[in-house]
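Undergrad: Okay, structure incoming, though there's no sequence with it:
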């Protein structure tokens with residue numbers, strides 16, 4: 001029995017060898033495998049270079065568009081289409097939207113509109129691939145290299161990198177296309193594609209491949225190449241496209257894992273849109289997929305690659321049209337998937353970060369915005385503490401003195417945490433406009449921390465008043481109040497200029513700084529006159545002099561904050 005078994009196995013091996021020698025069971029030539037792998041690598045790298053470079057050169061402006069033009073669902077959809085078409089990545093767009101929602105810059109309803117639009121914008125890549133621009137790839141690549149090598153301006157050099165990415169992308173396509181041409185000589189490969197007849201398996205295949213590659217643009221572009229070589233049936237290809245749409249949700253879902261609940265809900269909108277949209281289109285395809293394919297073949301003039309690209313566009317546009325009226329319902333549905341609320345971090349909560357930290361979604365395009373919001377919170381705490389310290393200087397309330405000290409510890413905590421965050425994001429691919437300002441932000445952290453130190457110094461002056469029993473005259477109290485009012489106004493203008501990146505109060509800040517400097521000299525002179533006339537004690541005079549000098553330095557730090565944006569531009573020049 002065992003002898004017959006061995007002879008049977010030997011016969012099978014002999015037959016397999018004969019088939020391989022005949023060329024009927026060529027699984028795939030190693031050269032084809034290497035060419036496919038290399039081409040895919042170039043394609044992915046080209047998309048990465050192009051997307052990252054566009055975010056660097058125009059990320060701040062695109063972010064501004066996202067902030068300003070997403071007030072309703074219609075403009076949100078248009079912005080999503082434009083944004084994704086520019087950066088050639090719906091994943092990058094949705095991840096940015098998730099980070100916007102996480103930092104409170106965008107509501108879930110606004111995010112839904114942008115995500116809907118991003119699903120249409122992502123079809124541009126496959127459409128470009130269908131026009132067979134591979135032959136122009138070497139020229140595109142050369143133009144990009146020349147710009148990078150010979151243009152000294154940073155912005156132009158970044159645009160050169162965008163063009164290089166575009167060229168590398170199409171060089172990869174050319175390599176893959178050549179490799180796929182060789183696949184037509186492999187019966188096994190043809191049999192593998194021909195055997196894929198089950199629609200649900202095709203959807204799963206598209207979803208898994210896209211989840212691995214993390215880009216539906218790439219998988220659909222590969223399908224365009226397969227269709228051009230006649231390696232893939234059009235009917236089953238429609239189902240693979242549906243799967244690609246679901247797999248594209250992976251990036252946003254992964255990015256939201258470290259974020260707040262609203263960030264997870266924003267990622268869920270993307271998933272719900274694609275799952276529901278896929279189910280609806282799947283049912284339609286089960287009824288008439290062949291007729292739809294025939295129509296697309298007629299429209300494209302039998303260009304099978306363009307059939308795939310047009311089908312991708314048609315599916316996405318159809319899904320957006322039928323689901324746009326239900327945006328609010330989809331947003332409400334996300335609360336079922338992600339119930340509850342995050343623990344709110346109050347504006348004055350101690351030793352906690354509100355906008356950055358563990359619950360933030362680190363995205364280079366929004367990282368600086370989130371840092372500025374945290375700095376604004378820190379500055380408000382320092383401003384409040386300064387006024388608390390000036391108040392306690394007169395009331396000598398022990399509990400308030402301790403409150404000043406505690407808030408100062410919190411300001412120190414924020415200073416260290418924000419500095420660490422700035423170091424971290426400085427190592428990422430920040431947009432050029434943000435990169436200009438990152439150095440200035442380090443200085444702003446220091447200026448705010450120093451304002452906090454001056455508040456603590458004033459509180460310590462109150463302690464010395466208690467210990468020595470010294471008092472200030474009515475005139476001295478009034479003068480300190482007048483100077484504090486001037487410093488408060490300067491701080492308010494300076495913080496507004498910094499947070500909003502505006503020059504609206506430029507002249508006010510300059511005049512107030514000069515006025516505070518003059519006020520300090522005037523008060524120092526009056527203090528000397530009171531000392532000469534024995535109207536105050538030397539101990540009270542020393543405290544008074546230290547306080548007005550401290551307030552004048554607070555004014556200097558406020559001016560530094562106001563002009564921090566200009567400082568950043570000078571650094572980058």
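TA: Thanks, I have the structure now. All values reported here derive from a predicted model rather than from experimental measurement.

Undergrad: Which residues are in contact with the closest residue to residue 169 other than its chain neighbours?
TA: In space, and not counting its chain neighbours, residue 169 is closest to residue 46: 3.1 Å by CB to CB, 6 or more residues apart in numbering. C-beta here means a position set from N, CA and C on the backbone, and glycine is covered the same way. Applying CB atoms under 8 Å, 6 or more residues apart in numbering to residue 46 gives the contacts 165-172.

Undergrad: again, only using 7 Å
TA: Residue 46 sits next to 165-166, 168-169, 172 when contact means CB atoms under 7 Å, 6 or more residues apart in numbering.

Undergrad: Serialize the residues you listed to CSV and add fields for distance to residue 205.
TA: Formatted as CSV, the contacts of residue 46 follow (distance: CB to CB, whole Å):
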residue, distance to residue 205
165, 28
166, 28
168, 27
169, 23
172, 21
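
Undergrad: So which of those residues wins on neighbours?
TA: Compared across those, residue 169 has the highest neighbour count, 31 neighbours, by other CB atoms under 10 Å.

Undergrad: The stretch 101-250 of the chain: helices as residue ranges?
TA: Under the criterion DSSP state H, counting those that start in this stretch, helices of the stretch 101-250 of the chain are mapped to 108-121, 124-130, 137-150, 154-183, 187-194, 199-213, 216-228, 234-247, 250-256.

Undergrad: By mean pLDDT, show me the worst of these.
TA: Lowest mean pLDDT within the helices of the stretch 101-250 of the chain: helix 187-194, at a mean of 64.

Undergrad: This protein - how does it break down into domains?
TA: As given by automatic domain parsing, the domain ranges for the chain are 39-337, 364-572.

Undergrad: Please identify the most buried of the ones you listed.
TA: With neighbours defined as mean count of other CB atoms under 10 Å, the domains of the chain peak in mean count at domain 39-337, which reaches a mean of 20.

Undergrad: can you give me the end-to-end distance of that one?
TA: Terminal residues of domain 39-337 lie 39 Å apart, using CA to CA, to the nearest Å.

Undergrad: Give me the distance between it and the centre of its chain.
TA: Put simply, domain 39-337 sits 18 Å off its chain's centre (CA atoms, centre = their mean, to the nearest Å).

Undergrad: again with stretch 439-455
TA: With CA atoms, centre = their mean, you get 26 Å for stretch 439-455.

Undergrad: Identify the residues contacting it?
TA: By CB under 7 Å, 6+ apart, stretch 439-455 touches 371, 375, 378-379, 382, 385-386, 389, 404, 408, 411-412, 415, 418-419, 422, 498, 550, 553-554, 557, 560-561, 564-565, 567-568, 571.

Undergrad: Switch the domains of the chain over to CSV; also include distance to residue 356.
TA: Compiled in CSV, the domains of the chain are given as follows (distance: least, CB to CB, whole Å):
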stretch, distance to residue 356
domain 39-337, 8
domain 364-572, 5
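
Undergrad: worst average pLDDT in these?
TA: Confidence, taken as mean pLDDT, is least for domain 39-337 of the domains of the chain (a mean of 83).

Undergrad: So which of the contacts of stretch 439-455 are in helices?
TA: Among the contacts of stretch 439-455, the members found in helices (DSSP state H) are 371, 375, 378-379, 382, 385-386, 389, 404, 408, 411-412, 415, 418-419, 422, 498, 550, 553-554, 557, 560-561, 564-565, 567-568, 571.
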